[in-house]
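1. Just the structure for this:
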Amino acid sequence: MSEVPDVSRYCSSCTLAPRSVIWASTEKASSPSLIGYCREKLAALRWLDESLGVLYDFLSERGAIANTYVVMATDHGPGKTSLYESGTRVPMYAVGPSIRAGTVLGEIVSHVDLAPTFLEWASGDASRLTSVDGQSWASLASGKVSSLDRDGVYTEMFFDRAFVARNGMKYYNCTTNSILKGKSVDRTYFGEDLARWCGAAYPHLYEEKQVYDLTSDPTEQVNLLNM
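-> Prediction:
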């Protein structure tokens, strides 16, 4: 954005730092102590933080923050285009009137669970009349239940499929590469070569069938099918 929007039009307490100020604040991102971070990412994070601050102030000034849920999540991790944990396990934060501050949950959930969760927050039991993919975790976040009692979650990317069970076992069926090769198409044609994002992080990259015990092997280094 070349110009900062005049957020004061919407609430008197709202402020948003100019782009130049945000960029200048990340000048030391090239410091050796910040290896692995880049200035662009840090600037983007501050811009997001500033924007959320505007939204929070806007809702607070109108007396609506106490009755509002705010959820933040990413669509994929650094290992995007793969179904390894670095590509599918992402952070998610939620605040709202029924969520106790400081609550940390380890239950497996998926992005398809967001819709039913939002519906339950908005309409309560009436949301059960709507058939959707996913499962609401509203009762889990509020502490009414301790588990969603599901077997696990499915993930997919291109022709790849994976299932992560609640006990930590994971099956990864990586068929995209072989299917594309069978049609004489190089995966890099799509600009989504796994090696581009995953590098040498996964020794079994491109193996069609992979099984991992995420409890003892969270970085997915040992394909149990090869043992």
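2. Could you list the domains of the chain?
-> With domains defined by automatic domain parsing, the chain comprises 8-65, 152-226.
3. Compute the distance between the nearest residue to Phe118 once chain neighbours are set aside and Asn226, please.
-> Sequence neighbours aside, Tyr69 is the residue nearest to Phe118 in space, at 7.6 Å (criterion: CB to CB, 6 or more residues apart in numbering). All C-beta atoms are positioned from the backbone trio N, CA, C, and that covers glycine. To Asn226, Tyr69 is 44 Å away according to CB to CB, to the nearest Å.
4. returning to what we had before: out of the domains of the chain, which one sits most buried?
-> Counting by mean count of other CB atoms under 10 Å, domain 152-226 has the highest mean neighbour count of these, with a mean of 15.
5. Any idea how far apart the tips of that domain sit?
-> By CA to CA, to the nearest Å, the extent of domain 152-226 from end to end equals 23 Å.
6. helices and strands around the top helix by length along the chain, which ones?
-> Ranked by number of residues, the top helix in the chain under DSSP state H is helix 39-61. If you count contacts as 3 or more CB pairs under 8 Å, 6 or more residues apart in numbering; DSSP states H and E, helix 39-61 packs onto helix 19-24, strand 70-73.
7. How far does the helix or strand following the last one sit from its chain's centre?
-> It refers to strand 70-73. Scanning forward in sequence from strand 70-73 by DSSP states H and E, the next helix or strand is helix 85-88. Remark: helix 85-88 is offset 9 Å from the chain centroid, using CA atoms, centre = their mean, to the nearest Å.
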